[in-house]
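Student: Structure for this input, please:
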Amino acid sequence: MLMPPHDPAARRVSTSPPPAQPAPTPVVARALNGGGTGPSDGTVRIAKARRTQHMYAEALHAVPAGTLLLEFDGGATRRLPRIGYGSFRTVLNGRELCHGSRVEFGLVESSIEAEALALCTGLYQTWLHLSVRGYEPSRMDVIVRGDCVDLVDALNAGDKRLAARTRAGFLTGAAVFRSVHGEWHGRENSVARFAH
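Tutor: Sure, this is the predicted structure:
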């Protein structure tokens with residue numbers, strides 16, 4: 001803002017009205033149906049889902065031919081008693097081999113136990129589907145992807161700090177394949193893939 005030149009003699013109270021200010025622009029409230037000026041929540045969710053699908057497609061192409069990709073996610077209800085559930089999906093050469101959606105595991109102590117049960121169930125079902133189709137699982141490598149950092153680290157370190165209930169399935173599942181390697185992926189990938 002430019003100031004008028006400083007003249008002490010000109011210090012008089014002005015009797016003229018202040019200059020007119022422009023009227024404020026009215027704020028348009030967004031309607032629930034997505035009208036208004038900015039993107040609606042639905043548009044943002046769709047864009048995020050498309051980005052996640054694109055990232056997933058890139059990750060799927062990064063899996064070497066002949067290598068299995070097993071994705072898993074698990075959780076537990078918040079109310080007591082905690083009921084565990086989990087989902088898994090196995091892909092071989094870009095095609096789905098088997099999947100399980102929101103399989104219930106009964107009472108669990110924590111969400112991590114439910115994650116481990118989802119992984120064990122996925123490994124077992126993958127072995128079963130391969131055997132039925134004439135593949136030899138002992139000659140196949142598996143890349144396991146999940147959003148549970150502790151479980152992925154335990155899988156890679158060969159660390160068997162899992163609860164007794166999941167330890168047998170974990171050891172058996174990991175032992176029937178040539179190699180099992182864990183990779184972490186973000187929570188948004190699990191939500192996009194399994195919706196939980």
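Student: Going by C-alpha atoms from here, please, whenever you check contacts or count neighbours.
Tutor: Will do.
Student: Longest strand in this structure, please.
Tutor: strand 95-107 (DSSP state E).
Student: quick one: the helix or strand following that one to strand 95-107, angle?
Tutor: Next helix or strand after strand 95-107 toward the C-terminus (DSSP states H and E): helix 111-132. Computed by axes from the mean of the first three to the mean of the last three Cα atoms, to 10 degrees, the angle separating helix 111-132 from strand 95-107 equals 140 degrees.
Student: Tell me which residues are up against helix 111-132.
Tutor: Residues outside helix 111-132 that contact it (Cα atoms under 8 Å, 6 or more residues apart in numbering): 70, 72-76, 84-90, 97-100, 103, 105, 108, 136-137, 148, 151, 162-163, 166, 169-170, 173-174, 176.
Student: among these, which ones are buried?
Tutor: 70, 72-76, 84-90, 97-100, 105, 108, 137, 148, 151, 166, 169-170, 173-174, 176 (16 or more other Cα atoms under 10 Å).
Student: In strands, which of the residues you listed appear?
Tutor: Among these, the members falling in strands (DSSP E) are 70, 72-76, 84-90, 97-100, 105.
Student: so where's this protein uncertain?
Tutor: Residue ranges of the chain with pLDDT under 70: 1-40, 42, 44-61, 158-173, 196.
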